[in-house]
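S.K.: have a look at this fold, sequence not included:
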């Protein structure tokens, strides 16, 4: 939204790939050199990102926090199992929950929970985690390849759109509850906003292939709207 004041729509579209890879930190944006962008992001991660958390007293497994974020970075857009994270990190589930809470509090990650109101077969007890900045996510996994050399473009796109939507909600004071929706039969919708007395459902796809919402959703929530977010219309959604 801030950048739209300084660049036209053609420039914004032309810089989309760069923002999916390097994110939107101001010092990263104004740097014209890709190597410098990488170094800035690595410096943010290594020197600043965890500073507030790592200085807290009583954290027994501080070195596990970067490892936790690495696991989350590879699961963007997927439901996260706390038990699986705990097993991979060799710490307790309660410790994982505590560290996730701390990372949310310092705006590194965003916790998106499942939505349910009517159907017994809806999944509600799991969460998805997104990063507030794509560049930070990519710096954590050490991956700055161009999009045509990556297998995670869909994840980058979904993370970028959701992160920018959250910022728009805050900036424009759009008061709503955010969720994802999924059934045990694997029918799902990426992003649900509960506002204005109704539900607004959004499917976020890099390729424009979504035409209709799942029938289970429209049948259960008849007073709802559905929209597909893609490269043709994403700016309206995030600005």
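M.R.: Now that the structure is in, tell me what you want to look at. This one's a predicted model, so the numbers in the text were calculated from it and none came from an experiment. Residues are numbered from 1 along each chain as shown.

S.K.: now residue 162, nearest residue through space, not along the chain?
M.R.: What sits nearest to residue 162 in space, not counting adjacent residues and going by C-beta to C-beta, 6 or more residues apart in numbering, is residue 130, at 5.0 Å. For every residue, glycine as well, the C-beta is placed using N, CA and C.

S.K.: host element of that neighbour?
M.R.: Assessed by DSSP states H and E, residue 130 sits inside strand 127-131.

S.K.: now the angle between strand 127-131 and the helix or strand that that strand is followed by, please.
M.R.: Moving toward the C-terminus from strand 127-131, the next helix or strand (DSSP H and E) is helix 134-141. Interaxial angle, helix 134-141 versus strand 127-131 (axes from the mean of the first three to the mean of the last three C-alpha atoms, to 10 degrees): 100 degrees.

S.K.: count the neighbours of the residue lying closest to residue 221 once chain neighbours are set aside for me.
M.R.: Closest residue to residue 221 apart from its sequence neighbours, by C-beta to C-beta, 6+ apart: residue 199 at 5.3 Å. As a burial measure, residue 199 scores 24 neighbours (other C-beta atoms under 10 Å).

S.K.: what's stretch 109-124 in contact with?
M.R.: 69, 72, 79, 100, 103-104, 125-132, 162-163, 166, 178-185, 191-192, 194, 216, 220-221 (C-beta atoms under 8 Å, 6 or more residues apart in numbering).

S.K.: ok, and for that stretch, which residues are buried?
M.R.: 109, 110, 112, 114, 115, 116, 119, 122, 123 (16 or more other C-beta atoms under 10 Å).

S.K.: what's the answer for stretch 31-49, then?
M.R.: Buried residues in stretch 31-49 (16+ other C-beta under 10 Å): 31, 37, 38, 40, 41, 44, 45, 49.

S.K.: and residue 164, what helix or strand is that in?
M.R.: Counting by DSSP H and E, residue 164 is found in helix 153-171.

S.K.: per-residue confidence averaged over the strand holding residue 130?
M.R.: In this model, strand 127-131 has a mean pLDDT of 97.

S.K.: helices and strands around that strand, which ones?
M.R.: Applying 3 or more C-beta pairs under 8 Å, 6 or more residues apart in numbering; DSSP states H and E, one finds that strand 127-131 makes contact with helix 64-73, strand 79-80, strand 109-114, helix 153-171.

S.K.: ok, which stretches of this protein are strands?
M.R.: Counting by DSSP state E, the segments of the chain that form strands are 79-80, 109-114, 127-131, 177-182, 188-195, 198-204, 224-229.

S.K.: can you pull the contacts of the residue nearest to residue 221?
M.R.: Contacts of residue 199 (C-beta under 8 Å, 6+ apart): 192, 193, 221, 223, 224, 225.

S.K.: and the pLDDT at the first one?
M.R.: For residue 192, the model assigns a pLDDT of 97.

S.K.: report the beta-bridge partners for the nearest residue to residue 115 once chain neighbours are set aside.
M.R.: Counting by C-beta to C-beta, 6+ apart, residue 179 is the residue found nearest to residue 115 once chain neighbours are left out, at 3.4 Å. Beta bridges link residue 179 to residue 113, residue 192, judged by DSSP bridges.

S.K.: wait, residue 179 sits on residue 194?
M.R.: Yes - the pair residue 179 / residue 194 is scored as a contact, 7.1 Å apart, by C-beta atoms under 8 Å.

S.K.: higher neighbour count, the two?
M.R.: Using other C-beta under 10 Å as the criterion, residue 179 and residue 194 rank with residue 179 on top: 20 against 15.

S.K.: could you find the closest non-adjacent residue to residue 78?
M.R.: Per C-beta to C-beta, 6+ apart, closest to residue 78 is residue 128, 6.6 Å.
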